[in-house]
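Novice: no sequence on this one, just coordinates:
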């Protein structure tokens, strides 16, 4: 498996050591560097700013939220970053969830899979620049229906460096995972576990089997964000990850719609996920964190002494994952790289 570095999105401000870590990742031979966005820092500006200090590593977004920008705007940005990086850009897209889509962006959330299909169709048309872009979909129309009547089909003035830029889709549910295999070049899972490999293989296989599927399994990339903490005390390492898991399981979504909660329920932790969610939504965050067993952390992360991590890595190497996306500072990357290489 290849290694990547996931910078993620910022908390209250930009991480002071981001440039050092990205340069370290490239120095260590990492394949890719990724950024993210929630409802604070965006994914594209940091990638361009810090990515300018690199020369080899691929630069990806994990993820750009589709509701934040029109598909033509994303196509323009993808072309621009691809030129600036010399053809190293990977466009990672995701639908996010209704709380962010409707609460932050003021956009409708229903039918996210159908909306995603149209969105990616348009992005590819913009990047390819074969002809003026027209589209007559349920969600997007170019030119716009019912406007002034003055809109006309346009073609990007920018000539593409590559007529096809890789597009990866962030997905957690089986239908969305299948969609990634059908229309994209890669999948960006969150909270992947080797225990769930069979479930995701089946979802991907469904997508690959659809007429007109874009890639074969051997051509398809799966870049999974996996926490890795080298520590002699497994419980201490798990304790560093549990607060983040409590946030996602308990608070990243509504009571009735939380895709992260559903991932862990499918993994066999439904009772735990329900308890964590109830506690978190009641404001009892410390108790929610304490309710997460270390076994759940170990199912979705690589933690503990180096020899333990090496042994457990074998399970990951047998999965659909092609790239492990790591988090941490420069020292963490230097410590982890020899273990995972």
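Specialist: Nice, thanks for sending it over. Quick caveat: nothing in here was measured; it's all calculated off a predicted structure. Numbers count the residues shown, from 1 in each chain.
Novice: enumerate every residue touching the residue nearest in space to the middle of the chain.
Specialist: In the chain, the residue lying closest to the centroid (CA atoms, centre = their mean) is residue 62, at 3.7 Å. Shown in contact with residue 62 (CB atoms under 8 Å, 6 or more residues apart in numbering): 6, 34-36, 43, 92, 168, 170, 188, 223, 225, 325. From N, CA and C alone the C-beta is placed, and that goes for glycine too.
Novice: in helices only, show me these.
Specialist: If you go by DSSP state H, the contacts of residue 62 have nothing in helices.
Novice: in strands, which of the residues you listed fall?
Specialist: 6, 34-35, 92, 168, 170, 188, 223, 225, 325 (DSSP state E).
Novice: can you pull the pLDDT of the residue nearest to the centre of the chain?
Specialist: pLDDT for residue 62: 97.
Novice: just residue 256 next, same as before
Specialist: For residue 256, the model assigns a pLDDT of 78.
Novice: and if you look at the one 4 residues further on?
Specialist: As summarised for this prediction, residue 260 has a pLDDT of 90.
Novice: doesn't it fall inside a helix?
Specialist: Yes. Looking at residue 260 with DSSP: H, G, I helix; E, B strand; the rest coil, it is inside a helix.
Novice: neighbours of the nearest residue to residue 293 once chain neighbours are set aside, how many?
Specialist: Closest residue to residue 293 apart from its sequence neighbours, by CB to CB, 6 or more residues apart in numbering: residue 272 at 6.6 Å. Using other CB atoms under 10 Å, residue 272 has 19 neighbouring residues.
Novice: the one 10 residues further on too?
Specialist: Per other CB under 10 Å, the neighbour tally for residue 282 reads 11.
Novice: measure the residue nearest to the centre of the chain to residue 184 for me?
Specialist: 13 Å (CB to CB, to the nearest Å).
Novice: give me the common contacts of those two.
Specialist: residue 168.
Novice: follow-up on the earlier one: show me the contacts for the residue nearest to residue 293.
Specialist: 264, 291-293, 296.
Novice: what residues are up against the closest residue to residue 294 other than its chain neighbours?
Specialist: Spatially, and ignoring its direct neighbours in sequence, residue 294 is nearest to residue 238 (4.3 Å; CB to CB, 6+ apart). For residue 238, the contacting residues are 294, 297-298, 301, 303, by CB under 8 Å, 6+ apart.
Novice: okay, residue 238: pLDDT?
Specialist: 97.
Novice: quick one on the thing from earlier: now, of the contacts of residue 238, which are buried?
Specialist: 297-298, 301, 303 (16 or more other CB atoms under 10 Å).
Novice: what is the end-to-end distance of stretch 53-70?
Specialist: 29 Å (CA to CA, to the nearest Å).
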